[in-house]
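Participant: missing the sequence, but the structure's below:
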């Protein structure tokens, strides 16, 4: 087997016990050997301000941008806040896509998984995020779409993934592995 593809995973929820963080960790366990998933933390990124970027950029920007640029692909796992992308996720996108012309996202394969305890599974966040990714030139996996409603039932009290969602997550991560192999530069 050749070297695995490195996947930067951005989790939109900052909560320690976030359902989306648990899903990201579950996907890392289910991933085939050709993918290596690593959560790239976004919670400590100061709000993007072009006036403070460049030579005087906040210290947190450098490591974040380096991890994005080193990744072969990106995976976004996010809840929905007010029918859109959580603020921390949007800020991470802004930080990672700057300075202009040096985006860490450009040309990479990607995928979006949104999850919510509610019935529509983060549909609004998923599509708003996809809209950003079109501009960023991320080649987003189209199928299977991943809007996971009822996400509060995906883990038992010990944090173990339920058998009900496992087959879908396996299908999703396997399809993403094929997508990455086809589109990673």
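Facilitator: Thanks, I have it. On a predicted model such as this, the values are computed, not experimentally measured, just so you know. Numbers count the residues shown, from 1 in each chain.
Participant: and the strands in the protein, which stretches?
Facilitator: Using DSSP state E, the strands of the chain run over residues 5-11, 35-39, 73-78, 109-115, 139-140, 147-148.
Participant: contacts for the second one next, please.
Facilitator: If I follow you right, that is strand 35-39. 4-11, 21, 24-25, 27-28, 31, 67, 71, 73, 75, 173, 176-177, 180 (CB atoms under 8 Å, 6 or more residues apart in numbering). The C-beta positions use only the backbone N, C-alpha and C, and glycine is treated the same way.
Participant: which parts of this protein are helices?
Facilitator: 19-30, 61-70, 87-96, 123-135, 166-183 (DSSP state H).
Participant: to residue 43, which of those helices lies closest?
Facilitator: Closest of the helices of the chain to residue 43 is helix 87-96, at 6.2 Å (criterion: CB to CB).
Participant: can you give me the buried ones in that closest one?
Facilitator: For helix 87-96, burial by neighbour count (16 or more other CB atoms under 10 Å) applies to 88-93, 95-96.
Participant: same thing with stretch 14-25?
Facilitator: Going by neighbour count (16+ other CB under 10 Å), the buried part of stretch 14-25 is 14, 18-25.
Participant: out of the strands of the chain, the one nearest residue 133 is which?
Facilitator: strand 139-140 (5.2 Å).
Participant: could you list every helix and strand in contact with that closest one?
Facilitator: strand 109-115, helix 123-135 (3 or more CB pairs under 8 Å, 6 or more residues apart in numbering; DSSP states H and E).
Participant: would you format the ones you listed as JSON lines with mean pLDDT included?
Facilitator: Below are the helices and strands packed on strand 139-140 laid out as JSON lines (pLDDT from 0 to 100):
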{"stretch": "strand 109-115", "mean pLDDT": "97"}
{"stretch": "helix 123-135", "mean pLDDT": "95"}
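Participant: circling back to that earlier point, can I get the buried residues of stretch 14-25 in JSON lines including pLDDT and distance to residue 184?
Facilitator: Output for those, formatted as JSON lines (pLDDT from 0 to 100; distance: CB to CB, whole Å):
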{"residue": "14", "pLDDT": "96", "distance to residue 184": "28"}
{"residue": "18", "pLDDT": "93", "distance to residue 184": "28"}
{"residue": "19", "pLDDT": "94", "distance to residue 184": "28"}
{"residue": "20", "pLDDT": "96", "distance to residue 184": "24"}
{"residue": "21", "pLDDT": "96", "distance to residue 184": "25"}
{"residue": "22", "pLDDT": "95", "distance to residue 184": "26"}
{"residue": "23", "pLDDT": "97", "distance to residue 184": "23"}
{"residue": "24", "pLDDT": "97", "distance to residue 184": "19"}
{"residue": "25", "pLDDT": "96", "distance to residue 184": "22"}
